[in-house]
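Participant: quick check, what structure comes out for this input:
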Amino acid sequence: MALELFGLRRFGEALTSCDRAIALESNQAPAHVLRGNILRALDRAEAALGSYDRALFIDPDIAEAYCNRAAALMRLDRISDALAGVDRAIAIKPDYAEAHFHRGYLLRIFNQFDAAAAAYRTVAALAPSFEFLPGNRLEANLQVCNWSEYDILVRQIAAGLEGDAHVSHPLILMALTDSLRLQYKVARTWARFACPANGALGPIAPRARPRRLTVGYFSADFHEHPIGRLLPELIEIHDRSRFEVVAFSLGPSTPNEFRGRLVRAFDRFVGVRERSNIEIASLARSLHVDIAVDLGGYALGARPNIFALRAAPVQVSYLGYLGTMGSSYMDYIVADRTAVTPAGESYFSEKIIYMPDSHQVNDRKRRIADKVFTREELGLPAAGFVYCCFNTSYKISPATFAGWMRILKTVPGSVLLLFASHAATENNLRIYAGRHGIDPQRLVFGAHLPPAEYLARYRTADLFLDTFPYNAGTTASDALWAGLPVLSRTGESFASRIAASLLTALDVTELITSTQREYEQLAIELALNPQRLAQIRAKVRDNRLDSALFDTPRFARNLEAAFTAVYDRYVAGAAPDHIKL
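Facilitator: The predicted structure is shown next:
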């Protein structure tokens, strides 16, 4: 009975039946494993550990207990213990595909991407149709720019998506295609599987409109992270006569200047990393949060199941995930008229809040170091045009890289300055450069720098080359803030139009291209025409402080107007609808 109820996602009833079975016969190890699985589904990871431990006390050789116990440990951020658990499960049952899959995921958390990819290859050999395997396998490869399996995995993902199969996490698809249709399909599939609407807390009772709206910002990234770098000034200048702002921190308490500013800026900063989804949603309700802003979506560390429980009367997706959630419970997504066109609205489960300028908030208080880097310090040659791109490695597609190599081949003496957080990434890209007939030494890799020096380094480059189909977001605004022109290519998806949104708000639309050919031609022309590039660079510099892109007070007023509009619709009993400011 418990097994059947569990399969129907009737977890409370399943737990009652399982407890009854254990009361009748307490030494059934499989019953305790099932009880642990039910408790884990209820987001009660600590209690689940107790059931798995009981099962292993009865029978210490149950591989499934070790594997599922590891999943509970993952939820509690005990990653090393979880890895030891799956290794024990594999030792007992070497052909246990699920344990190898968990091992791949855990190794990916440890940034051991080659080892993660090897674990996923083992899964493929044991169970070729294992759920979500192609996407996870490809993501591990892309993190270190290993494209050896790229074409075959992309074909598997594309074929699976057409049949609504469980083949990929939504985030990885942003780096594979600019198709809004496919991104919508994968998001809907994921939402149904991983975070369906959950009525456990019941509906939120109507209440009178408060004088001040309470806005809850939920994120695992309130520290030195793209979210943590963009957000502080907005929180600092929110109009406190009309809004109270509360942080729900889902991530680690990493001390740095960004976290410090955010802790001071919010009216209330609540660390909820250790709490269950239902506890967090209940807390948001008890604090009378009127608008819940999810800054994570389906990104690493995000907790969409909080919003599946309905944490607030109005729920908004913003900034951290540039695509639809494909769910029934996220009411709005913040975008702009460049990032999302009217033709794309039908591929969003949310209604669109169209900001009048760029959707991306920026922080004008980001300091740029006075340090002037020499070319020698950065490993650059004494002369030659410097292209750069500091996007994360998995955004670099084989097609984008091939275009970069054609650009280098056409511009004599030019080099490409990149960021690689792993030696494997640097090694792989140098190998691919050689295959394209480019001296691998024309790829120069910059080290991690403190934030202010990182921004100053952009001043050494001549032109930022964006990636496609997943554009630069924070890195593009970083470059523009430092005065470096950003050349981008647009597509159909939100993620492939981010940089175009930024450039439009900065009024430097001449750097927006729409085809690969146009992108490469402009990259070459600007290198060979220093006068034109100097004019564009001066325009970026001059517009920097006068444009909408870096006018944070203007952005805050517009976002507050949007929050007021969506909440007033809720109070009036009207369904969510597109908001055009």
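Participant: residue 419 touches residue 443, doesn't it?
Facilitator: No: between residue 419 and residue 443 there is no contact, the gap being 11.3 Å when judged by Cβ atoms under 8 Å. C-betas here are computed from N, CA, C, even on glycine.
Participant: can you pull the contacts of the closest residue to residue 455 other than its chain neighbours?
Facilitator: Nearest residue to residue 455, sequence neighbours excluded (Cβ to Cβ, 6 or more residues apart in numbering): residue 368, at 4.4 Å. Residues in contact with residue 368 (Cβ atoms under 8 Å, 6 or more residues apart in numbering) are 452, 455, 456, 481, 482.
Participant: residue 368 and residue 444: what is the separation?
Facilitator: Residue 368 sits 21 Å away from residue 444, going by Cβ to Cβ, to the nearest Å.
Participant: and what of residue 11?
Facilitator: Relative to residue 444, and taking Cβ to Cβ, residue 11 is found at 53 Å.
Participant: those two: who's more crowded?
Facilitator: residue 11 (21 against 17; other Cβ atoms under 10 Å).
Participant: tell me the domain ranges of the protein?
Facilitator: The record's domain parsing of the chain by automatic domain parsing lists 2-142, 213-364+554-580, 386-543.
Participant: how about those domains in CSV, adding distance to residue 171 and mean pLDDT?
Facilitator: What follows is the domains of the chain, written out as CSV (distance: least, Cβ to Cβ, whole Å; pLDDT from 0 to 100):
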stretch, distance to residue 171, mean pLDDT
domain 2-142, 8, 96
domain 213-364+554-580, 5, 97
domain 386-543, 9, 97
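Participant: next, format these as TSV and append distance to residue 186.
Facilitator: Shown next, in TSV, are these (distance: least, Cβ to Cβ, whole Å):
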stretch	distance to residue 186
domain 2-142	8
domain 213-364+554-580	8
domain 386-543	12
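Participant: show me the one of those domains that comes nearest residue 177.
Facilitator: Proximity to residue 177, assessed across those by Cβ to Cβ, is greatest for domain 386-543 (6.1 Å).
Participant: start to end distance for that closest one?
Facilitator: For domain 386-543, the first-to-last residue distance is 23 Å (Cα to Cα, to the nearest Å).
Participant: now do that domain: distance to the chain's middle.
Facilitator: On the basis of Cα atoms, centre = their mean, to the nearest Å, domain 386-543 sits 21 Å off its chain's mean C-alpha point.
Participant: and what of stretch 345-354?
Facilitator: 19 Å.
Participant: contacts for it, please.
Facilitator: 180-181, 183-184, 187-188, 191, 316-317, 324-328, 330-337, 340, 562, 566, 576-581.
Participant: buried subset of the residues you listed?
Facilitator: Among the contacts of stretch 345-354, those classed as buried by 16 or more other Cβ atoms under 10 Å are 180, 183-184, 187-188, 191, 316-317, 324-327, 330-337, 340, 562, 566, 576, 579.
Participant: what about residue 149, neighbour count?
Facilitator: 18.
Participant: which strand or helix spans the closest residue to it other than its chain neighbours?
Facilitator: Computed as Cβ to Cβ, 6+ apart, the closest residue to residue 149 that is not its neighbour in sequence is residue 141, at 6.0 Å. Here residue 141 sits within helix 133-142, counting by DSSP states H and E.
Participant: what is that helix packed up against?
Facilitator: helix 97-109, helix 113-126, helix 150-162, helix 170-173 (3 or more Cβ pairs under 8 Å, 6 or more residues apart in numbering; DSSP states H and E).
Participant: quick one, the third one and helix 113-126 angle?
Facilitator: Relative orientation of helix 150-162 with respect to helix 113-126: 60 degrees, computed using axes from the mean of the first three to the mean of the last three Cα atoms, to 10 degrees.
Participant: picking that back up, would you turn the helices and strands packed on helix 133-142 into TSV with mean neighbour count and distance to residue 135?
Facilitator: Shown next, in TSV, are the helices and strands packed on helix 133-142 (neighbours: other Cβ atoms under 10 Å; distance: least, Cβ to Cβ, whole Å):
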stretch	mean neighbour count	distance to residue 135
helix 97-109	23	12
helix 113-126	20	10
helix 150-162	17	6
helix 170-173	25	5
